[in-house]
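>>> Sequence first, predicted coordinates after that:
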Amino acid sequence: MAESFEVSMAGEEKYYIPDPSYKEQAWTKDYGRAYKEFLADKEGFWERQAHHLEWFKKWDKVLEWNYPYAKWFVNAKLNITYNCLDRHVANHRRNKVALIWRGEEGEERIFTYKKLYHEVCRFANGLKKLGVVKGDRVCIYMPLVPEQVIAMLACARIGAVHSVVFGGFGVNALNMRINDAEAKIVITADVTIRRGKTIPLKTIVEEAIINAPSVEKVVVLSREVDQPVELHKEMEIDYYELMEGVPAECKPEVMDAEDPLFILYTSGSTGTPKGIVHTCGGYMVGTYYTTLNVFDLKDTDVYWCTADTGWITGHSYVVYGPFCVGATVVLAEAVPDYPDAGSYWKIIQDLGITIFYTAPTAIRMFMRVGDEWPDKYDLSSLRILGSVGEPLNPEAFEWYYRAIGKDRCPVVDTWWQTETGMQMITTMVGEPMRPGFAGKAIPGVVADVVDKQGTPVAPGNGGFLVIREPWPAMLRTVYKNDERYRTYWHTIPDCYTAGDLAVKGKDGNIMIIGRADDIIIMAGHNIGTAEVESALVSHQAVAEAAVIGKPDPLKGNLIKAFVILRVGFQPSEKLKSDLIYHVRMTIGPIAMPSEIEFMDKLPKTRSGKIMRRVLKAKEMGIDPGDVSTLEE
Ligand code: PRX
């Protein structure tokens, strides 16, 4: 990591001030006061949030902090699905719509809280029939359909630890995740649907489990869009058949607050992704509190987060947070540009969406195609807009605010990570928004921008984004690799290092610049350079590869790969396409390089480490900085 750096804070200090009514009605009415109250009694703050939820047994202690290990709500007992479902079924939300699913062609499926409750219980009983017990790992590799959400909640119901793998990952990526988690069951579907085409999922699972000895059964949801799916009876079982004859009630497993709830893999700076482990109690409190306060979610809201459930955003802000709150959640198997660039705006109009949460990549795509698309639709139901996953640049903020929010809706640009489990930095609804800046640490979080030694940088300077205090939804470990967990807390003394570079303005607002490590955020997806490099090197023609993120106005970054070929292989356009295809098949379409350059030599340190920084500087035509460690 480099030392802290100076940043030119070009541009005026421009703020957008929301209508005062937002503040008057907000759950958190006064950010400054709420933050002070939190600082005065941090554990008391989180304890008050926890009291809003139902526990089978309350905690003996709010926090046990044994650096860098935290236990939140010590000895408390709960089941998160009891808070997502039973609690609402027992009150006025029984017949409230919990979930509206929309397909690409506008098909709709609607679940009330009561219906969702029974579906989850039935599938949980189905899993029990397969012998799944508390602590077992279950891999969910599904399209964005209600059954994906039901499968997650069913696992949580019986205490099984789910590991959801995004449906866009390929064979090797899936195989690695199944093996690392030693998943006993894989839940999948025959196909996923994208831009009018069906893409097979089950065939990927078939290949991915060939060398996955832990897998006992594969549950297959047949969507019956093409022909009926053929099952290999010795291994595979139909989703609906599994539920035949099972009761529609399933007692929630009593979970300790610190029992694992799920594992979710995220890219790291080595070739193997990290299995981030989240636990039941703290994660529930963190996602509940943020869903309620950051989105200022009310009982009447219709909330749509466009993220796939396979990412942390889907876990925390499609499933657990919104259901804990009792929201009406929209789930759409939709892409922003199919059948045309109005697809999202049509959903907002049709369903009367009030809170809309999406990624800067999508916003920039919409911005490029112009106002005519949103202008065709009635977006007046919108109340609050959200952004997540990568920096929301000022131009994109302004367009989103004007063309979608009609100069009326507050924009919450939320910074957080798979590891943090919950939103950490944003501008709370009603507070002045500064384009380009995510905002400030929310009440409950202590964030800072520091140099390598952990000293805060002067306002206006850049440095490393850190979190100084434990928070309830924090990761507890990296699955089977605690060493990698400790690295987060031991890189910079006395704090959690997020891996992002940031700038703190004089007004206390934080601007996120980008990653400080070998992770590329492309279209909001987190991709490890090492993962792409090892996929390339696994091709017979490749001797060595180095991958960089190349800034792109639409996707934030594109992947460019520099490749040294093995003796006997010649550079050609055909080979470039082969290599791109190879990465697509091994990791998945999300990690495909858009450019490949053949090289004879790669810049390396004397100890043999590839200096991607030098490649990147050359690519961008800028000064590579200190190259004293570069070998001759
Ligand atoms: O670099 C930051 C970027 O996404 C990273 C976390 O990626 P992931 O674990 O996949 O989670 C994404 C969804 C929470 C961060 O380290 N990032 C996330 N949100 C923002 C962001 N960068 C700038 N602004 C944001 N609002």
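Cool, got the structure.
>>> and the stretch 251-400 of the chain, which of its residues are near the ligand?
For the stretch 251-400 of the chain, the residues in contact with the ligand (Cβ under 6 Å from any ligand atom) are Thr266, Ile312, Thr313, Val388, Gly389, Glu390, Pro391. (Glycine included, C-beta is placed from N, CA and C.)
>>> got the residues you listed as a markdown table, with secondary structure and neighbour count columns?
Putting these into a markdown table (DSSP: H, G, I helix; E, B strand; the rest coil; neighbours: other Cβ atoms under 10 Å) gives the following:
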| residue | secondary structure | neighbour count |
| --- | --- | --- |
| Thr266 | strand | 18 |
| Ile312 | helix | 25 |
| Thr313 | helix | 24 |
| Val388 | strand | 25 |
| Gly389 | coil | 24 |
| Glu390 | coil | 24 |
| Pro391 | coil | 22 |
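>>> Spatially central residue for the protein, please.
Ranked by distance to the mean C-alpha position of the chain (Cα atoms, centre = their mean), the top residue is Ile312 at 2.9 Å.
>>> Make sure that one is actually in contact with Met422.
No: Ile312 lies out of contact with Met422 (Cβ atoms under 8 Å); the separation is 9.3 Å.
>>> Mutual contacts of those two, please.
Common contacts of Ile312 and Met422 (Cβ atoms under 8 Å, 6 or more residues apart in numbering): Trp416.
>>> Could you report the pLDDT at the residue nearest to the centre of the chain?
Per-residue pLDDT puts Ile312 at 97.
>>> That one and Gly608: what is the separation?
Here Ile312 is placed at a distance of 34 Å from Gly608 (Cβ to Cβ, to the nearest Å).
>>> Could you do Gly271 as well?
Gly271 sits 16 Å away from Gly608, going by Cβ to Cβ.
>>> Find the nearest non-adjacent residue to Arg408, please.
Spatially, and ignoring its direct neighbours in sequence, Arg408 is nearest to Asp19 (7.0 Å; Cβ to Cβ, 6 or more residues apart in numbering).
>>> Surely the one you found is in contact with Cys409?
No: Asp19 is beyond contact range of Cys409, at 9.6 Å (criterion: Cβ under 8 Å).
>>> Give me the more crowded residue out of those two.
When Asp19 and Cys409 are compared for neighbours, Cys409 comes out ahead with 23 against 12, by other Cβ atoms under 10 Å.
>>> Need phi/psi at the more buried one.
Dihedral pair for Cys409: phi -90, psi 130, per degrees, to the nearest 10.
>>> Pull the contacting residues for it.
Cys409 neighbours (Cβ under 8 Å, 6+ apart): Leu382, Arg383, Ile384, Leu385, Tyr401.
>>> If you rank those residues by neighbours, which is first?
Most crowded among those, counting by other Cβ under 10 Å, is Arg383 at 24 neighbours.
>>> So what's the residue count around the closest residue to it other than its chain neighbours?
Leaving aside its sequence neighbours, Arg383 sits nearest to Thr354 (Cβ to Cβ, 6+ apart; 4.4 Å). Using other Cβ under 10 Å, the number of residues around Thr354 comes to 20.
>>> got the residues of the stretch 451-600 of the chain near the ligand?
Residues of the stretch 451-600 of the chain that fall close to the ligand, judged by Cβ under 6 Å from any ligand atom: Ala498, Gly499, Asp500, Ile512, Arg515, Ile521, Asn526.
>>> can we see that at 8 Å?
Residues of the stretch 451-600 of the chain lying close to the ligand (Cβ under 8 Å from any ligand atom) are Leu465, Ala498, Gly499, Asp500, Ile512, Gly514, Arg515, Ile519, Ile521, Gly524, His525, Asn526.
>>> and of the residues you listed, the nearest to Asn179?
Nearest to Asn179 among those is Asn526, at 20.4 Å by Cβ to Cβ.
>>> Tell me if the closest one really is in a strand.
Yes: with DSSP: H, G, I helix; E, B strand; the rest coil as the criterion, Asn526 is part of a strand.
>>> Quick one: residues contacting it.
Counting by Cβ under 8 Å, 6+ apart, Asn526 has contacts Thr266, Ser267, Thr418, Ile519, Ile520.
>>> Roughly how far does it sit from Asp518?
Remark: distance between Asn526 and Asp518 (Cβ to Cβ) = 11 Å.
>>> Then Ala458?
Taking Cβ to Cβ, one finds Ala458 at 28 Å from Asp518.
>>> likewise Thr418?
Counting by Cβ to Cβ, the gap from Thr418 to Asp518 is 16 Å.
>>> Which one of those two is surrounded by more residues?
Shown here are Thr418 and Asp518; by other Cβ under 10 Å, Asp518 has more neighbours (22 against 19).
>>> out of the contacts of Cys409, who's nearest Ala535?
Distance to Ala535 across those (Cβ to Cβ) is lowest for Leu385, with 36.0 Å.
>>> A strand includes that closest one, no?
Yes: according to three-state DSSP, Leu385 belongs to a strand.
>>> beta partners for it?
With DSSP bridges applied, Leu385 shows beta-bridge pairing to Phe356, Val411.
>>> Surely it and Ile353 touch.
No: applying Cβ under 8 Å, one finds Leu385 not in contact with Ile353, separated by 10.2 Å.
>>> in this structure, what secondary structure element scores lowest on mean pLDDT?
strand 5-6 (a mean of 52; mean pLDDT, DSSP states H and E).
>>> where are the low-confidence patches of the chain?
Filtered on pLDDT under 70, the chain yields the residue ranges 1-12, 226, 607, 628-629, 631-632.
>>> and it, what are its domains?
Following automatic domain parsing, one gets these domains for the chain: 5-78+262-267+275-515, 107-253, 523-620.
>>> What is the burial count for the residue nearest to Pro432 when sequence neighbours are not counted?
What sits nearest to Pro432 in space, not counting adjacent residues and going by Cβ to Cβ, 6+ apart, is Tyr15, at 4.2 Å. By other Cβ under 10 Å, 14 other residues sit near Tyr15.
>>> quick one, phi psi at Tyr15?
The phi/psi pair for Tyr15 (degrees, to the nearest 10) is phi -120, psi 150.
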